[in-house]
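Q: Below are the sequence and a predicted model; questions follow.
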Amino acid sequence: MKKARIGIIGCGQIVRIRHAHELAGCAWAETAGYYDFVSERAQSFVEQFGGKVYREYQEMLQDPSVDGVVICTANDAHAKMSVEALQAGKYVLCEKPMASDLEGAQAILEAGRESKGFFMAAHNQRFTMAHRKAKELLESGAMGRVLSFRCTLAHPGPERFSVNRTNSCWYLNKAASGLGCISDLGIHKCDILMHLLGEPISRVAATAGTRDKRDETGELAKVYDNAVCVLETPSGVMGTLNLSYTNYAGMENTTVYYCEKGVLRCHYYPDCALEVVMDGAETVRYFDVPQPNSGVMEAFARAIVEGRPSPVPAEEAYRAMRAVFAIEQSARTGEMVTLKGML
């Protein structure tokens, strides 16, 4: 079977805990190599997983043997590198958010229209077993209409997970990161909400601030570490979204859908990924074992090999970008924001 040759740009923590292992274990792909501006990081991944060390990321883009690239750099480099990769005819898997501003996201859309490759956003929540099953149940009509929802994505903060494990991590730097927890965490939930509901977010209201996170100078970071949002879709589905970098109890990553015929609880309990409670008290629990991997790399590589469209197209990633920037606008201005066009 033909395999997609894939290289990785940026060798930070997300590559260490996810992409390198999933690429090495993917039946649809083989490792072309790694690039990082700290060459020793790339070298360590090559020693463990194979491939070659690229001296510059442009060298990887110019390599005709490379089919696709995975971009895992700081947010402010996502758009530039994605555009260059698409212009080089590569398939692109980019960590979220797709860009640090809407102009960069639009540049990716334009480059993708002219490219032989495609852009895929690494919105891994689409590929969890719980969300795939929830989407199946919602589309089948088994739950009736979704009436409202409640989402939370909260963890102790990026300095606990970043490659250098300090407050100097780029996540807490506004120029490199962007909107803090709104773009880092909110982008995940906005994408999965729109994916499962089958419609965009059309109105938002939010409040946000920096309550606790400090940068390497000891000053409060200039990125948001908490946000509380109200979201609404064109059909009137409404709900709340809580985002936080200050959940010092660990990780909370839950979504609850309140439907006409019952309730879906995604990743709500530690011992099952999805609980379905029907009106009348019938309860079904799914997936009491951990998911073996994120499914992102397999979806990316398989789409390349089989000539399929992007599993998470740039247009859909752009919708999520518009939603999080509307959240930030609402928090900054104190006004409800209505998203118009491209709905």
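A: Cool, the structure landed.
Q: how about the residue nearest to Arg308 when sequence neighbours are not counted, secondary structure?
A: Nearest residue to Arg308 in three dimensions, chain neighbours excluded: Arg302, at 7.2 Å (Cβ to Cβ, 6 or more residues apart in numbering). Backbone N, C-alpha and C define where each C-beta goes, glycine included. Here Arg302 is recorded as helix under DSSP: H, G, I helix; E, B strand; the rest coil.
Q: Burial check on Arg302, number of neighbours?
A: 16 (other Cβ atoms under 10 Å).
Q: And for Val237?
A: Neighbours around Val237, by other Cβ under 10 Å: 21.
Q: if I read this right, it contacts Leu138, doesn't it?
A: No. Counting by Cβ atoms under 8 Å, Val237 sits too far from Leu138 to count as a contact (11.0 Å).
Q: looking at this structure, which residue ends up farthest from its center?
A: Distance to the chain centre peaks in the chain at Gly280, reaching 35.7 Å (criterion: Cα atoms, centre = their mean).
Q: helix/strand/coil for that residue?
A: coil.
Q: got any ranges where this protein has weak pLDDT?
A: 342-343 (pLDDT under 70).
Q: go with 80
A: Across the chain, the ranges flagged by pLDDT under 80 are 1, 163-164, 281, 341-343.
Q: Please parse it into its domains.
A: Under the assignment automatic domain parsing, the domains of the chain span 4-123+296-311, 125-292+322-338.
Q: So which of the ones you listed is the most surrounded?
A: domain 4-123+296-311 (a mean of 20; mean count of other Cβ atoms under 10 Å).
Q: now it: how far from the chain's centre is it?
A: 14 Å (Cα atoms, centre = their mean, to the nearest Å).
Q: What is the end-to-end distance of it?
A: 15 Å (Cα to Cα, to the nearest Å).
Q: ok, now stretch 69-82?
A: Termini of stretch 69-82 sit 9 Å apart (Cα to Cα).
Q: can you check stretch 148-167 too?
A: This stretch, stretch 148-167, spans 37 Å end to end (Cα to Cα).
Q: Show me what secondary structure element comes after the longest helix seen in the chain.
A: Counting by DSSP state H, the longest helix found in the chain is helix 314-333. Downstream of helix 314-333, the first helix or strand assigned by DSSP states H and E is strand 337-338.
Q: Touching that following strand from outside, list them.
A: Ser202, Arg203, Val204, Ala205, Ala326, Ile327, Gln329, Ser330 (Cβ atoms under 8 Å, 6 or more residues apart in numbering).
Q: strand partners of it, parallel vs antiparallel please.
A: strand 203-209 (antiparallel) (DSSP bridges).
Q: which other residues reach the partner strand?
A: 181-182, 224-232, 243, 323, 326-328, 330-331, 334-339.
Q: change it to 6 Å
A: The contact list for strand 203-209, computed with Cβ atoms under 6 Å, 6 or more residues apart in numbering, reads 224, 227-232, 326-327, 330-331, 336-338.
Q: Now do the helix or strand following it: distance to the chain's middle.
A: Next helix or strand after strand 203-209 toward the C-terminus (DSSP H and E): strand 226-232. A distance of 18 Å separates the C-alpha centroid of strand 226-232 from that of its chain, computed with Cα atoms, centre = their mean.
Q: In terms of secondary structure, what does strand 226-232 contact?
A: Under the contact criterion of 3 or more Cβ pairs under 6 Å, 6 or more residues apart in numbering; DSSP states H and E, strand 226-232 touches strand 203-209, strand 238-244.
Q: Measure how it sits relative to strand 203-209, angle-wise.
A: If you take axes from the mean of the first three to the mean of the last three Cα atoms, to 10 degrees, strand 226-232 sits at 170 degrees to strand 203-209.
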